[in-house]
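Peer 1: mind looking at a prediction? Sequence and model below.
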Amino acid sequence: MADSNKTTWHWWLLGGLGTAFLFSYLNRKRVMENLSENQLTKNFNLSEFIVTATGLDNLPGPKETENLRLLAQKILQPLRDFLGKPISINSAYRSPIVNAAIGGASTSQHMVGQAADIHIDGLTNQQIVDAIKRLGLPYDQLIDEQLRGKKWVHVSFNPNGGRKQLMTARDGAGGKTIYTTISKG
């Protein structure tokens, strides 16, 4: 009799865990579908701004979502309209756990939804930086990043005003990143 109760208990536990996993999966799928329907601008939806290769949850709260909307409206959509080319977002919002997992700065604007790392097929980083400057877009920080054989432009928008900080980031000795300020203000 004891073995029968033990077996039943295990099946109930497995069934309960399986049900919890299924509901979790279905809820995550529903959330992701809702995010892809959440248009921030004409050409950008929220799901593009939360992609992570870490496998960790990376869902922004209402304040972070509003910051992402402003970043898309004030910087990314005008840039896309001007260039007539799609913008690929490598990284935008990062939850604190995602930011820590990838070794991001503890003060990263990515964690509050104010930054995106982008690239545009067929354009160099310098061409992207030049277009943002030419348009007079209200960026806070603009960084031409060329690290570990990859290239992207980090652009941020701060609704409280921008530093207009232009920088480069390059590989340095011992795997350190060397940031160089080109101009400020």
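Peer 2: Structure's in. What do you need? Numbers count the residues shown, from 1 in each chain.

Peer 1: end to end, how far does stretch 78-94 reach?
Peer 2: End-to-end span of stretch 78-94 (Cα to Cα, to the nearest Å): 23 Å.

Peer 1: flag the shaky bits of this structure, pLDDT-wise.
Peer 2: Applying pLDDT under 70 to the chain flags the ranges 1-37.

Peer 1: rerun that using 80 as the cut-off
Peer 2: 1-37, 162, 185 (pLDDT under 80).

Peer 1: what are the ranges of the helices in it?
Peer 2: For the chain, the helices defined by DSSP state H cover 2-37, 62-71, 77-83, 96-101, 125-135.

Peer 1: can you tell me how far Ser88 is from Glu48?
Peer 2: Applying Cβ to Cβ, to the nearest Å, the value for Ser88 to Glu48 is 9 Å. Where C-beta positions appear, they are placed from N, C-alpha and C, glycine not excepted.

Peer 1: contact partners for Asp57?
Peer 2: Contacts for Asp57 (Cβ atoms under 8 Å, 6 or more residues apart in numbering) come out as Ser95, Ile97.

Peer 1: next, count neighbours for Asn67.
Peer 2: Neighbourhood size, Asn67 [other Cβ atoms under 10 Å]: 24.

Peer 1: OK, contacts around it?
Peer 2: Val112, Gly113, Gln114, Phe157, Pro159 are the contacts of Asn67 under Cβ under 8 Å, 6+ apart.
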